[in-house]
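# Sequence plus the predicted model coming up.
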Amino acid sequence: MSRSNQTIDRFTSQEYKEGFVTQVAQEFVPKGLSEEIIRLISAKKDEPDWLLQFRLDAFRRWQKMTPPSWGHLHLPPIDFQDIIYYAAPKRPEDRPKEIDPALQETFDKLGIPIREREVLAGVRDKREVAVDAVFDSVSVATTFRKTLSEQGIIFCSFSEAVHEHPDLVRKYLASVVPVGDNFYAALNSDVFSDGSFCYVPKGVKCPMDLSSYFRINASGTGQFERTLIVADEGASLSYMEGCTAPMRDEHQLHAAVVEIVVEKDADVRYSTVQNWYPGDAEGRGGILNLVTKRGICRGSGSHLSWTQVETGSAVTWKYPSTILKGDFSSSEFYSVALTNNFQQADTGTKMIHLGRGTRSRIVSKGISAGRSENSYRGLVQMGPAADGARNYSQCDSLLIGSRCGAHTFPVIKGANPRATVEHEATTSKISEDQLFYLQSRGIAPEEAVALIVNGYAREVLQRLPMEFAVEAQKLLSVSLEGAVG
Amino acid sequence: MKESVPELLCMLGRDALPGPFRLEAGQALRLTLLALPGVSVDASLEVQLLGPGAELDLGGLYLCRSDERVRLSVRVRHEAGGAVSHQLLKGIVDGTARFSFDGLIYVAPDAQKTEAVQQNHSLLLSDSCQAETRPQLEIYADDVICSHGATLGHLNADEQFYMRSRGIPEEEARRLQMISFLSPVLSRLPEALQEECLAAL
């Protein structure tokens, strides 16, 4: 075997570093999904009747739906009656003031700055991050709430929002992703447990980045979080999300729904670094990441930007989308998706242009290594009223090794003679010239690959908030080590 | 040196679409599809490239000026390495016409050194027309050069202004723009057909 091949192997066989399990006493609901289970979850969370009815309505719809099969994926059959839909760390009757030491340790291991004092000291002057951490089904800690609430910003767990701000939740819940939108969104609407709720009032610029960390810990469970972000007129915020899970031989289901409402002149930046457990080198286990994310630019001049770095999960099925309804609203989608071993990703975006002068830009960088499959799937649609609307999409694929697949499935629909859509896609591999150049200057092969891949993904990485960009760069080089062909 | 490349012209709606084609090593094919105004058609074409040196050069032109329904589906399968395929489809959609294009480039595992390009560009000229394009790449080999491009656009207002400010009437300016947009495919047609297409603009 050539030296470069060995490097590839080493690179692709890197271990998953977040694979530990935290031993905390947990409470579960029984396995399976039925009206009783939904009533039980709702009762555990002490929810108002309207939310229970919302769940039950969703459940009745979900029962009539079938899982989508159009993805370029080989999904293992999922037995929805074999999943525990709610797991929570046990705790005293009242919400604890202090975080359970074991949990605290978990978050320390993950490097999450959950304590205010730890927050990103020295990364940037006086720049702070408010964190919401979700452990299995419940939110365990939300920081900086006080500072934020002084400005009228609400940032809390979804369950708290249901009790403290029911009007807002009721107004916006399912306004972007309807209950029956798709199979997994309907499933989420039945059993969603926790997630983040964020509301930034009129004209307020959120002074710090908001962030959520999601962690699946318990075995045999799924995670179904629900995130709702609302930026009122002229508001702006930046939201970041990170996820990890322990190593297990079984598949675990993650079916989240994220809804974002952007009002007139508001600006939302949503960034994800997704690092769920991807399964082992033989393709056993790993998270099935089946997620619905959608935002609506409701008012004129509003702006929504999606940035995602996808390195984890056995299967990723995810299309963060924007409905550009307000005139002159704009949206961007920047994505790096890296698959290795037996990972499969079918991810992309939808840009639905309804308003006049709306603009969107899509930059997608796929990297496939090992025996993985990586697909970009997207929709750009120009409605009849989208005069002067414009879209530009660029989808590049990079293949590392000859046993992986890279695919591009865009759909472009136009119904307006004053709109412009441009799409281009290329597929290539890391060129031997580039590798030779770097190696002849004394750079080790895996470093050279990491360097080239980081350069390739740079356009997207640059869009991430700084703390995340560092993490994402590290992740890319870890997941890519030894990928020279 | 390649022998003279067989040239095929298929007038959609009049000729049955030939194929499926199987191009062996060293074989080449130059095929042009044409949908003239008034033609509604649902056509699919499959070309397999089975050996090194196989070459496909596909051109397509569609002029949908009133209420046509044109659906084109093109599948190009690179089953072996070292083959080349080029596709360029261009056209105009006007009136209440609907156009859709479904194109796939498939590169089999181990079909290394494949070169495949696919382009589909449409001009939309009216409020009631619709165009849809789905260019797809499905690639299982790493040492390849594959790309696709697709655009939906309209007649550029700056160009029009330029011509009109130099005394070219609006209708003539629009015609010139369409001719220049279509010319890469138009030039593949025999002269008599070129005249017919120009007259239809």
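The structure has been received and is ready for your questions. Residues are numbered from 1 along each chain as shown, chains lettered A, B, ... in the order given.
# ok, then the element right after the helix or strand hosting A:I37?
Assessed by DSSP states H and E, A:I37 sits inside helix A:35-44. Using DSSP H and E, the helix or strand that follows helix A:35-44 in sequence is helix A:49-63.
# Buried ones in that following helix, by neighbour count?
A:L51, A:L52, A:F54, A:R55, A:D57, A:A58, A:F59, A:R61, A:W62 (16 or more other CB atoms under 10 Å in any protein chain shown). The way it works is simple: take the backbone N, C-alpha and C, and place the C-beta from them, glycine included.
# from what I can see the fourth one touches A:L40, true?
No. With contact taken as CB atoms under 8 Å, A:R55 and A:L40 are classed as non-touching, separated by 11.0 Å.
# Can you tell me the centre-most residue of the chain?
Unless you meant another one, I'm taking chain A. For chain A, the residue nearest the mean C-alpha position is A:T272 (4.8 Å; CA atoms, centre = their mean).
# you looked at the wrong chain, it should be chain B
Nearest residue to the geometric centre of chain B (CA atoms, centre = their mean): B:L89, 1.5 Å.
# what about that residue, distance to A:R463?
34 Å (CB to CB, to the nearest Å).
# Next: B:Y106.
For B:Y106, the distance to A:R463 - CB to CB - is 33 Å.
# mind showing which ranges of chain B have poor pLDDT?
Segments of chain B classed as low confidence (criterion: pLDDT under 70) are B:1-4.
# Quick check: residues of it near chain A?
By CB under 8 Å from any CB of the partner chain, the residues of chain B that approach chain A are B:109-110, B:112, B:122, B:124-127, B:129-154.
# Give the ChimeraX command for selecting the buried subset of the residues you listed.
In ChimeraX syntax, the buried subset of these is picked out as below (16+ other CB under 10 Å):
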select /B:112,122,124,125,129,130,131,132,133,134,135,136,137,138,139,140,141,142,143,144,146,147,148,149,150,151,152,153,154
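# Show me the residues of chain B next to chain A that map onto strands.
The strands, defined by DSSP state E, take in B:122, B:124, B:130-139, B:145-153 from the residues of chain B next to chain A.
# Now do the contacts for the closest residue to A:P30 other than its chain neighbours.
Distance criterion CB to CB, 6 or more residues apart in numbering or on different chains; nearest residue to A:P30, sequence neighbours excluded, is A:I37 at 6.9 Å. Residues in contact with A:I37 (CB atoms under 8 Å, 6 or more residues apart in numbering or on different chains) are A:V29, A:P30, A:Y85, A:Y86, A:V191.
# Let me know whether the first one touches A:L40 as I believe.
Meaning A:V29. Yes. Using CB under 8 Å, A:V29 is in contact with A:L40, at 5.4 Å.
# more neighbours, those two?
Taking neighbours as other CB atoms under 10 Å in any protein chain shown, A:V29 and A:L40 compare with A:V29 leading, 21 against 15.
# just checking, what's the longest helix in the chain?
Let's take chain A. Across chain A, the longest stretch assigned as helix under DSSP state H is helix A:445-461.
# To clarify, I was referring to chain B.
helix B:170-186.
# next one: it to chain centre, how far?
Centroid separation for helix B:170-186 versus its chain: 16 Å, with CA atoms, centre = their mean, to the nearest Å.
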